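[1] Structure here, sequence nowhere to be found:
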Ligand code: FES
């Protein structure tokens, strides 16, 4: 009789321990399952960012504008510095070039004396419109999407240029 009681007690304790483990496993599995089934969606970057104002640009005189853009990676938001070479064509039209040379990604600059963009890495040159004047750059400068609102220059995503070196 005593042995049966001891056996029942042991069975009950084992069942309770296994039940507790199962409960802990379930509690751990729920958040993992939610994460795997519905992962956090990467939020879109701030699509349009103010890079400067039309008023600070002079006609036919490219200026390097510095701005910050938020990059969202999962739950992490990082603010990154970006630049553009902006060319004011008129009060209603501005071109914003991506800051990397389309050859191997070096930073280029405006050479006012020669009225052209010059990449110091391999001496590619580009016109004020971004077209290749001398290689080895394989295509024109890439451009930011751009819009002007209340005198502010807003830049969006970078659009790769399609033009070959001519
Ligand atoms: S990276 Fe600009 S010419 Fe090579």
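    Here it is on my side, so go on. In this text, all values refer to a predicted model and were calculated from it rather than measured experimentally. Numbers count the residues shown, from 1 in each chain.

[2] How about the contacts made by residue 68?
    49, 79-82 (Cβ atoms under 8 Å, 6 or more residues apart in numbering). Bear in mind the C-beta positions are built from the backbone N, C-alpha and C, glycine included.

[3] give me phi/psi at the most centrally placed residue in the chain?
    Closest residue to the average C-alpha location of the chain: residue 71 at 5.3 Å, with Cα atoms, centre = their mean. Per-residue torsions, residue 71: phi -120, psi 120 (degrees, to the nearest 10).

[4] can you give me the strands for the protein?
    Along the chain, the stretches classed as strands by DSSP state E are 49-53, 63-73, 76-90, 93-97, 109-111, 116-118, 125-126, 132-134, 143-149, 152-159.

[5] Turn these into a markdown table, columns for distance to the ligand and mean pLDDT.
    Output for the strands of the chain, formatted as a markdown table (distance: least, Cβ to the nearest ligand atom, whole Å; pLDDT from 0 to 100):
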| stretch | distance to the ligand | mean pLDDT |
| --- | --- | --- |
| strand 49-53 | 22 | 89 |
| strand 63-73 | 16 | 85 |
| strand 76-90 | 14 | 88 |
| strand 93-97 | 13 | 92 |
| strand 109-111 | 11 | 94 |
| strand 116-118 | 9 | 94 |
| strand 125-126 | 9 | 94 |
| strand 132-134 | 9 | 92 |
| strand 143-149 | 16 | 92 |
| strand 152-159 | 16 | 89 |
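
[6] How far off centre is stretch 111-122?
    The chain centre lies 27 Å from the centre of stretch 111-122; the measure is Cα atoms, centre = their mean, to the nearest Å.

[7] Please parse the protein into its domains.
    The chain breaks down into these domains under automatic domain parsing: 1-39, 49-159.

[8] before we move on, back to that, I'd like to know which of the strands of the chain lies nearest to residue 12.
    strand 76-90 (48.4 Å; Cβ to Cβ).
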